[in-house]
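Colleague: after the sequence you'll find the predicted model.
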Amino acid sequence: MADPDLDFQTAESGASATYPMQCSALRKNGHVVLKGRPCKIVEMSTSKTGKHGHAKVNLVGIDIFTNKKYEDMCPSTHNMDVPNIKRIDYQLININDSFMCLMGDNGDIREDLRVPDNEVGKEIEAKFEAGDEFMVTVISAMGEECAIATKVLANK
């Protein structure tokens, strides 16, 4: 019989923001959650086992949204959270008050994403001003989203 005191938190569409992976199974250029932020692993080193057992993995990662550097150390046998990352390409339709009007493959329009305040944002605005038709790659992880790249539309 089910215990009424147990409260299970549900996630949208049956997906979790992160999944566990053993520290020793992580790889450079992979992703990991460091200090609560989704990061791309740029450096990894493993220290030898000490007299108390576990080898330690030293991780250095760059936040995929802010480009801030984070470091963490973890015993190689412990689990670390790995963010579920989605990349979606949208066609840029318009820019209005620094919000992008984007169209997905299925024709759905979204206008809730800001032009990022970085080099990619400058590139998006410059291409838009020039009247170019192009795609914007949006990455999403752990409830955050950001445009990270542009690419020229494939000729139809």
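Modeller: Perfect, I can see it now. Because the structure is a prediction, the values reported are computed rather than measured. Numbering: from 1, shown residues only.
Colleague: going by C-alpha atoms from here, please, whenever you check contacts or count neighbours.
Modeller: OK.
Colleague: got the domain boundaries for the chain?
Modeller: Segmentation of the chain into domains, based on automatic domain parsing, reads 16-83, 86-152.
Colleague: is the spatially most central residue of the chain bridged to anything, and to what?
Modeller: Central residue check for the chain by C-alpha atoms, centre = their mean: the C-alpha nearest the mean position is that of residue 141, 4.2 Å away. Partner residues in beta bridges with residue 141, using DSSP bridges, are residue 144.
Colleague: sketch out the low-pLDDT regions of the protein for me.
Modeller: Along the chain, the model assigns pLDDT under 70 to residues 1-15, 50, 154-156.
Colleague: strands of that one, start to end?
Modeller: Assigned by DSSP state E, the chain shows strands spanning 18-22, 31-34, 37-47, 56-63, 69-75, 79-83, 86-96, 99-103, 109-114, 134-141, 144-152.
Colleague: export those strands to TSV and append columns for distance to residue 127.
Modeller: Converted to TSV, those look like this (distance: least, C-alpha to C-alpha, whole Å):
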stretch	distance to residue 127
strand 18-22	34
strand 31-34	30
strand 37-47	27
strand 56-63	26
strand 69-75	29
strand 79-83	31
strand 86-96	10
strand 99-103	13
strand 109-114	16
strand 134-141	8
strand 144-152	9
